[in-house]
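> Provided below for reference: sequence and predicted model.
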Amino acid sequence: MKIEVLLLSCLIALPMVLARGKAGESSLSEDGQALHRRYAESTIASDISKIVDSMVQKNFVNFLLTQREKKSGPTMKTDEPGTQLFNELLKQEFTEWVHSKGSSAKTQ
């Protein structure tokens, strides 16, 4: 939003800068007036170019982040019917194994 406002204000300021250059035409020589106008136009063009480059960079970073989010989906589907049963059996087997190791260590 801030970038659009800045860009719009630059575009609005361009005719005013050019008008100022034409108003001072009588006091400046033709070469000096043309140089002043070219400098003002190139300054505005440079500012607009920087703003557009900044917007492109932000859009590219947002694109990369969305691609990363799409790729990093869940690796294991939990909505399969046998998955929960398998996990419960695995937990039970592991706890039995831990208890058996603990009881064998106490007897030794």
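Thanks, I have it.
> quick one, domains of the chain?
For the chain, the structural domains run 2-73, 78-108, going by automatic domain parsing.
> for the longest one, give the mean pLDDT please.
If I follow you right, that is domain 2-73. Domain 2-73 shows a mean pLDDT of 75.
> could you do the shortest one as well?
Per-residue confidence for domain 78-108 averages out to 76 on the pLDDT scale.
> where do the helices sit along this protein?
Secondary structure of the chain (DSSP state H): helices located at 2-23, 30-71, 81-107.
> pull the number of nearby residues for residue 47.
14 (other Cβ atoms under 10 Å). Every C-beta, even on glycine, is put in place using the N, C-alpha and C of the backbone.
> what separates it from residue 72, distance-wise?
38 Å (Cβ to Cβ, to the nearest Å).
> likewise residue 35?
With Cβ to Cβ as the criterion, residue 35 and residue 72 are 55 Å apart.
> neighbour count winner among those two?
With neighbours defined as other Cβ under 10 Å, residue 35 and residue 72 compare such that residue 35 has more, 13 against 8.
> and the more buried one, how far from residue 51?
25 Å.
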